[in-house]
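J.: Need coordinates for the below:
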Amino acid sequence: METKTVILCDDHNIVRAGLRQIVESFGDFEVLDDVASGEALFPLFQKQVPDLLLLDISLPGRSGLEVLKQIQSIYPQVAVLTLSMYPEEQFAIRMIKAGARGYLHKDSAPQVLEDAMRTIAEGKQFISADLTRIMIEELAKDDNELPHKSLSDREYEVLLYIGEGKSMTDIANQLNLSIKTVSTYRSRILDKMRLKSNSDLVKYILLHDLAPGGADPLHHLG
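T.: This is a model prediction of the structure:
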């Protein structure tokens with residue numbers, strides 16, 4: 001395979017450094033640059049459009065989903081592999097629908113990352129066995145069956161942070177937003193899902209297994 005160019009986008013310096021080292025060890029991928037936010041991506045793209053983009057979902061400011069949609073609208077030729085700490089059942093479908101060629105959990109082995117990158121570099125989609133199962137299950141359901149599916153991408157991201165047990169302040173800091181803005185998102189979530197309180201929201205998260213493994217959304221409920 002001819003050498004493919006890559007840009008990395010993740011808000012953690014150590015993660016980017018590790019990814020760069022791993023990707024460059026594959027031999028025929030050249031990392032052009034790495035950045036910590038979606039806003040920093042677009043100046044790089046104006047200089048040189050990469051063949052592949054490795055994009056984290058949880059970014060400060062605009063979320064990975066928002067960045068993905070903009071990238072796809074302007075540079076549809078770029079193969080995007082999304083990376084996340086969220087299990088596939090929580091975010092993968094949204095990312096694939098938004099134009100990602102694949103979705104990979106950050107705990108995946110380097111060999112899986114290499115397989116995913118080579119697959120999307122060939123113009124194909126990287127779909128794991130777990131994601132295939134999830135997509136089949138989704139097709140069998142009414143798309144409006146569950147209230148959380150009506151949420152916008154940012155609202156859904158805030159919902160998942162609540163599911164991790166994060167406070168409004170924690171979420172605001174993570175997303176680089178004001179507490180007032182995060183509270184507004186929370187209010188919209190409650191309204192769209194026809195729930196009345198944090199207690200109702202947490203019960204919903206637990207009932208539908210939206211909290212990542214080990215998270216305790218009751219921690220901040222008090």
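J.: can you tell me the average pLDDT over stretch 124-141?
T.: Average pLDDT, stretch 124-141: 73.
J.: Excluding chain neighbours, give the residue nearest to the residue most central in space within the chain in space.
T.: Centroid-nearest residue in the chain, with C-alpha atoms, centre = their mean: Ile57, separated by 2.6 Å. In space, Ile57 comes closest to Gly64 once its chain neighbours are excluded; the distance is 3.8 Å by C-beta to C-beta, 6 or more residues apart in numbering. For glycine as for every other residue, the C-beta is placed from the backbone atoms N, C-alpha and C.
J.: From Asp28, how far off is that neighbour?
T.: In this view, Gly64 and Asp28 are 26 Å apart by C-beta to C-beta, to the nearest Å.
J.: Spit out the contact partners of the residue nearest to the centre of the chain.
T.: Ser63, Gly64, Leu65, Thr82, Leu83, Ser84, Tyr86, Phe91, Met95, Glu157 (C-beta atoms under 8 Å, 6 or more residues apart in numbering).
J.: any idea which helix or strand comes after the helix-or-strand element of the chain with minimal mean pLDDT?
T.: In the chain, the helix or strand scored least confidently by mean pLDDT, DSSP states H and E is helix 129-139, which has a mean of 69. Counting by DSSP states H and E, the next helix or strand C-terminal to helix 129-139 is helix 153-163.
J.: That next one - contacts with which helices or strands?
T.: Here helix 153-163 touches helix 64-74, helix 88-97, helix 168-175, helix 179-192, helix 198-207, going by 3 or more C-beta pairs under 8 Å, 6 or more residues apart in numbering; DSSP states H and E.
J.: Would you check which pair of the contacts of Ile57 lies furthest apart?
T.: Between any two of these, the greatest separation by C-beta to C-beta is 14.8 Å, found for Leu83 and Glu157.
J.: circling back to that earlier point, a markdown table please, covering the contacts of Ile57 and showing pLDDT and distance to Asp115.
T.: Below are the contacts of Ile57 laid out as a markdown table (pLDDT from 0 to 100; distance: C-beta to C-beta, whole Å):
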| residue | pLDDT | distance to Asp115 |
| --- | --- | --- |
| Ser63 | 82 | 26 |
| Gly64 | 86 | 21 |
| Leu65 | 85 | 24 |
| Thr82 | 93 | 15 |
| Leu83 | 91 | 14 |
| Ser84 | 85 | 17 |
| Tyr86 | 75 | 20 |
| Phe91 | 72 | 20 |
| Met95 | 85 | 18 |
| Glu157 | 85 | 27 |
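J.: coming back round to it: which one of Gly64 and Asp28 has more residues nearby?
T.: When neighbours are counted by other C-beta atoms under 10 Å, Gly64 comes out ahead of the other of Gly64 and Asp28, with 26 against 12.
J.: I'd say the more buried one and Leu53 touch.
T.: No: using C-beta atoms under 8 Å, Gly64 is not in contact with Leu53; the gap is 10.4 Å.
J.: Give me the common contacts of those two.
T.: Cys9.
J.: if I look at Ile57, how far off is Val80?
T.: According to C-beta to C-beta, Ile57 and Val80 sit 11 Å apart.
J.: Right, I'll leave it there.
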